[in-house]
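> Here is a sequence together with a model predicted from it:
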Amino acid sequence: MIVTVALENYTVMAKHGYYDFEHETEQPFVFSVWATIMEHRIAGKLTNTLNYADIQIAIDAEIIDVDTPIGLMETMAERIISNLSNNDMVSKLKIRIEKPQAPLPHPGGLPLIEMEWFRPQ
């Protein structure tokens with residue numbers, strides 16, 4: 001059996017982006033994170049899983065509570081993975097970050113990245 005703990009469509013307003021002008025005004029970043037848990041060890045205890053509130057806290061720590069803007073969404077995903085993978089119960093993470101107001105040459109499309117991480121066996 002696979003157990004997934006997730007937080008979907010969590011919108012954070014932040015000043016990140018590759019271009020300097022993106023650091024002047026907040027824009028939305030939409031995070032969805034899915035964590036696969038080693039379910040055979042949960043045993044009805046929150047300490048044996050990943051609290052979905054901790055996903056939100058990890059995103060805030062890496063995106064809101066930083067002094068320097070992050071240039072790439074790939075870097076954002078790497079930092080969130082680094083944070084959440086410290087929980088030994090997590091065996092896999094998948095992160096999707098959407099940037100609906102990203103600067104594009106013309107209207108249309110939804111810029112996003114997805115990244116997956118697997119705990120080495």
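Perfect, I can see it now.
> What count of nearby residues applies to D20?
8 (other CB atoms under 10 Å). In short, each C-beta sits where N, CA and C put it, glycine included.
> Next, work out how far apart it and P69 are.
D20 sits 9 Å away from P69, going by CB to CB, to the nearest Å.
> The closest residue in space to R79 that isn't next to it in sequence: helix or strand, and which one exactly?
Sequence neighbours aside, E62 is the residue nearest to R79 in space, at 4.1 Å (criterion: CB to CB, 6 or more residues apart in numbering). Taking DSSP states H and E as the definition, E62 sits inside helix 52-63.
> circling back: how about the residue nearest to R79, what does it touch?
Applying CB atoms under 8 Å, 6 or more residues apart in numbering to E62 gives the contacts 76, 79-80, 83.
> closest to K92 among the residues you listed?
I80 (13.8 Å; CB to CB).
> From E24, how far off is that closest one?
Relative to E24, and taking CB to CB, I80 is found at 24 Å.
> Please identify which of those two sits among more neighbours.
Neighbour count, other CB under 10 Å: between I80 and E24, I80 has more, with 23 against 11.
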